[in-house]
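**Q** A predicted structure for the sequence below; I have some questions about it.
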Amino acid sequence: MKFLKIFLLSFLLVSCNKKETDKTLIVGTAADNPPYEFIQDGEIVGIDIDIIKAISERLNKKVIIKNFDFNGLLAALVSENIDVAVAELSITPERAEYISFSDHYATARFAIIYRTGDNIKNSKDLENKIVGVQLGSVLEKKAQDLSQTMNIKVHSLANHLMLVEELKARVIDAIISEEFQGKKLKENNSNLESSPLEEFSSNFAIGMSKNSGLISEVNEAIDSLKKDGTINKIMKKWLGQ
């Protein structure tokens, strides 16, 4: 009888925990990428955060946001420590071997960030330069590809804001980043400039584990948010366009 009571109690606890888990969406992000995800007044905010909150509303789930270094996000997904990842996450064949992607919710172009007065306007001007990129990002791979045909030294760091400080300190000569991120950094740093990198573009999506049961629900939510204009409103809110 005592064993039966313990078993039933354990079953109830597991059931309660499962119900609570079903009501929450644990989101991993890397909050050093304004305007997509960054910390403002102690809170993680931005385009990606508003989009995932809108998705969670459609799924009737409460959002719990966890902050990681960007290069730790995929490991968190694979180990299922988080349910989804949002952090300017580009769809690539290499990543698709380890994680699942939602349908894309945004298409991004990229830019070169450099110091005011430096003669850097396009990828050709990166010859003989030290180029900073975020560790584990799709742009790290793009920069490495450029270095195969040009004399470029690729400098990778986990934190994007650390790259900005190294650019200002002349440790590196330029940063390759997402276009609107470049514009935001220019707004916040009067000694920096940003120029479009026309040859690069990417689709952003939400990352999930291979075992995730959320993929179809998340895709339905993204489709709904596109059709009703919610995603466009979020973009306009943060980009002013």
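**A** Thanks, I have the structure now.
**Q** count of residues packed around the residue lying closest to Asn60 once chain neighbours are set aside?
**A** The shortest distance from Asn60 to any non-neighbouring residue, by C-beta to C-beta, 6 or more residues apart in numbering, is to Lys23 (7.7 Å). (Glycine included, C-beta is placed from N, CA and C.) Here the count is done by other C-beta atoms under 10 Å, and Lys23 has 11 residues near it.
**Q** Report the contact partners of Lys23.
**A** Contacts of Lys23 were listed using C-beta atoms under 8 Å, 6 or more residues apart in numbering, and they are Asn60, Lys61, Lys62.
**Q** who's the last one bridged to?
**A** In this structure, Lys62 has the following beta-bridge partners (DSSP bridges): Thr24.
**Q** does it really touch Ile26, like I thought?
**A** No - with contacts counted by C-beta atoms under 8 Å, Lys62 stays clear of Ile26, the gap being 9.9 Å.
**Q** Neighbour count for the two, which is higher?
**A** Ile26 (17 against 13).
**Q** quick one: the more buried one and Arg95, what's the gap?
**A** 19 Å (C-beta to C-beta, to the nearest Å).
**Q** ditto for Gly46
**A** Taking C-beta to C-beta, one finds Gly46 at 21 Å from Arg95.
**Q** And the pLDDT for the residue nearest to the spatial centre of the chain?
**A** The centroid of the chain falls nearest to Ala87 when counting by C-alpha atoms, centre = their mean (1.2 Å). With respect to pLDDT, Ala87 scores 94.
**Q** show me the contacts for the closest residue to it other than its chain neighbours.
**A** Of all residues not flanking Ala87 in the chain, Ala30 sits nearest, at 4.3 Å (C-beta to C-beta, 6+ apart). Listed by C-beta under 8 Å, 6+ apart, the contact set of Ala30 reads Glu37, Asn67, Phe68, Asp69, Phe70, Leu73, Ala87, His160.
**Q** That's all I had, so thanks and see you.
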